[in-house]
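[1] Need the 3D shape of this:
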Amino acid sequence: MAATAPMLIHVESLQTAVPMRMAGAGKSLPIAVSGPPLTAAELQRRFRAVLYYRGAGAEAEAAARERAAWVKESLCAALVDHPEMAGRLRRRGDGGNDDDDDGRLWEVKLRDTGVRLVQASVEATMAEFLEARGVDRERKEAALALWTDVDVHEPDICAPLFMQLTRFSDGGYAVGVSCSLLLADPLSLIGFLKSWARKNAEMQAQSKHVAHPVIQYTHYIQSPGAAKRVKSGTSTLGIATTAADDSTTTTTTVLFGAPDTTSDHRALAAACVGMASKRLGGAKQPPRFTVMARDSSKGLHVQTCCGTVGYGDREACHGHGHGLAARVAQWSEAGLEDLALEGSKPVHVSYSISSSADEGLVVVMPAGGAQLLISVTVPNYM
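    Next up, the predicted model:
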């Protein structure tokens, strides 16, 4: 089969959205690591979502600039109520230096960095992206949600949350988000995105009566051609999320729903890792798995477990042991498919969790109503 032609992506601007008003200044959320200190690879664990929207044909540059301006303004407004999403990842200690602890104490300092906002364009239609399948789709979508690796020595200078607005040549556009799992779990991020979409709609509705000064200013920007490009590259670069360097090993995420009736997340995680591996037909269990779960104070616990410990508890997910009854769940239950922008819902939403190709990763998320959503990302051993 002939190789797919690369698609050129142009990064046209890199900005930062910060809260409009002071909120949560000086506060932080603790991250406690049980097990070995976090490695550089483990700091790259993240959730990615890409939402595709239809446009009204090939749009003018001015319309694209105005949309991007609204995205930034509404992000700044939404961050007031979600200061953790503007947080900075840092080691917990005096000044956040490596020598202040043994690498097991971290924190998210609220409203300390902002959301990195990327505006880009791609020399392809939205249909060309949506027609891709499997690893080819993963490679293309990695270019729709920028991510730069967190530096293990200087994590505080790295952005843990990116939002990218990419327009296609046919007028469609995509909103891509990459978020560190140390900053927020997928459900928390989705909740923030819903809040942002509501704020975006409210502000645009208000502007019909009173012109928004920032948006009004974009109408005076003269640009005879494409915006000055910051960077260009092909969508085959930066492959990182679900395909490992070894093409015979990929990771897949399975979701489970379960009642929130126990604080023993390790036993629940072990059971669900076993179920996920079995469901995917894996011949081997991951050598280890990591559990990420927040407590009632929103502090995050990261626990690494040996893959041979606790798998005997997998029956807990079937109503035995701890009395937990798990079911297979879907990302669509989180409601991101209903996130409307400019009056339209996305035509497609993709989800991806990035983890190391040789381990299991379990994220335990409160889902409301005394329920949990559990994502289990495991390797597919061929």
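[2] going forward, measure contacts and count neighbours with C-alpha atoms only.
    Fine.
[3] Run through the strands of the stretch 51-200 of the chain in chain order.
    If DSSP state E, counting those that start in this stretch is used as the criterion, the strands of the stretch 51-200 of the chain fall at 88-91, 105-109, 115-122, 161-167, 173-180.
[4] Can I get the ones you listed in a markdown table including distance to V363 and mean neighbour count?
    Output for those, formatted as a markdown table (distance: least, C-alpha to C-alpha, whole Å; neighbours: other C-alpha atoms under 10 Å):
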| stretch | distance to V363 | mean neighbour count |
| --- | --- | --- |
| strand 88-91 | 18 | 26 |
| strand 105-109 | 17 | 23 |
| strand 115-122 | 22 | 24 |
| strand 161-167 | 18 | 26 |
| strand 173-180 | 12 | 25 |
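[5] Next, format those as a markdown table and append mean pLDDT and distance to T148.
    Supplementary listing: the strands of the stretch 51-200 of the chain in a markdown table, determined by pLDDT from 0 to 100; distance: least, C-alpha to C-alpha, whole Å:
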| stretch | mean pLDDT | distance to T148 |
| --- | --- | --- |
| strand 88-91 | 92 | 14 |
| strand 105-109 | 91 | 18 |
| strand 115-122 | 94 | 11 |
| strand 161-167 | 96 | 9 |
| strand 173-180 | 97 | 10 |
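[6] Save these as TSV, and put in distance to R45 too.
    Below are the strands of the stretch 51-200 of the chain laid out as TSV (distance: least, C-alpha to C-alpha, whole Å):
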stretch	distance to R45
strand 88-91	13
strand 105-109	15
strand 115-122	17
strand 161-167	12
strand 173-180	6
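[7] wait, which of these is closest to T252?
    strand 173-180 (17.3 Å; C-alpha to C-alpha).
[8] Let me know the angle separating the closest one from strand 115-122.
    Here the directions of strand 173-180 and strand 115-122 differ by 140 degrees (axes from the mean of the first three to the mean of the last three C-alpha atoms, to 10 degrees).
[9] Please put the alpha-carbon coordinates of strand 173-180 into PDB.
    Extracted C-alpha coordinates of strand 173-180, given in PDB (Å, rounded to 0.1, in the frame of the first residue of the first chain):
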ATOM      1  CA  TYR A 173     -12.100  23.500  11.800                       C
ATOM      2  CA  ALA A 174     -10.900  21.400  14.700                       C
ATOM      3  CA  VAL A 175     -10.500  22.200  18.400                       C
ATOM      4  CA  GLY A 176      -7.700  20.000  19.800                       C
ATOM      5  CA  VAL A 177      -6.800  19.800  23.500                       C
ATOM      6  CA  SER A 178      -3.900  18.100  25.200                       C
ATOM      7  CA  CYS A 179      -3.800  18.000  29.000                       C
ATOM      8  CA  SER A 180      -1.400  16.500  31.500                       C
END
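[10] so how far is it from its chain's centroid?
    Relative to the chain's own centre, strand 173-180 is displaced by 7 Å; criterion: C-alpha atoms, centre = their mean, to the nearest Å.
[11] Mind giving me the packing neighbours of that strand?
    Using 3 or more C-alpha pairs under 8 Å, 6 or more residues apart in numbering; DSSP states H and E as the contact criterion, the secondary-structure elements in contact with strand 173-180 are strand 46-53, strand 161-167.
[12] what's the closest of these to V11?
    The minimum distance between V11 and these falls on strand 161-167, with 8.7 Å, by C-alpha to C-alpha.
[13] partner strands of that closest one, parallel or antiparallel?
    Sheet pairing for strand 161-167, assigned by DSSP bridges, gives strand 115-122 (parallel), strand 173-180 (antiparallel).
[14] any chance of those in a markdown table, plus distance to A258?
    Converted to a markdown table, the strands paired with strand 161-167 look like this (distance: least, C-alpha to C-alpha, whole Å):
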| stretch | distance to A258 |
| --- | --- |
| strand 115-122 | 32 |
| strand 173-180 | 24 |
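[15] So Q303 sits against G35, correct?
    Yes: Q303 is in contact with G35 according to C-alpha atoms under 8 Å; the separation is 6.2 Å.
[16] More neighbours: these two, which one.
    When Q303 and G35 are compared on other C-alpha atoms under 10 Å, the one with more neighbours turns out to be Q303, at 18 against 12.
[17] Distance check, A258 against C179.
    A258 is 24 Å from C179, where distance means C-alpha to C-alpha, to the nearest Å.
[18] And for A271?
    Where C179 is concerned, A271 sits at a distance of 26 Å (C-alpha to C-alpha).
[19] which residues of the stretch 151-300 of the chain score low on pLDDT?
    208-249, 282-284 (pLDDT under 70).
[20] Helices of that one, residue ranges please.
    Defined through DSSP state H, counting those that start in this stretch, the helices belonging to the stretch 151-300 of the chain, from first to last, are 186-207, 213-218, 265-279.
[21] Present those as CSV; the columns should include mean neighbour count and distance to R133.
    Putting these into CSV (neighbours: other C-alpha atoms under 10 Å; distance: least, C-alpha to C-alpha, whole Å) gives the following:
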stretch, mean neighbour count, distance to R133
helix 186-207, 18, 23
helix 213-218, 13, 37
helix 265-279, 23, 21
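[22] my read: A357 touches P379, true?
    Yes: using C-alpha under 8 Å, A357 is in contact with P379, at 5.7 Å.
[23] And the two? Which one has more around it.
    More neighbours surround P379 than the other of A357 and P379, with 27 against 23 (other C-alpha under 10 Å).
[24] Could you find the closest non-adjacent residue to that one?
    T251 (4.2 Å; C-alpha to C-alpha, 6 or more residues apart in numbering).
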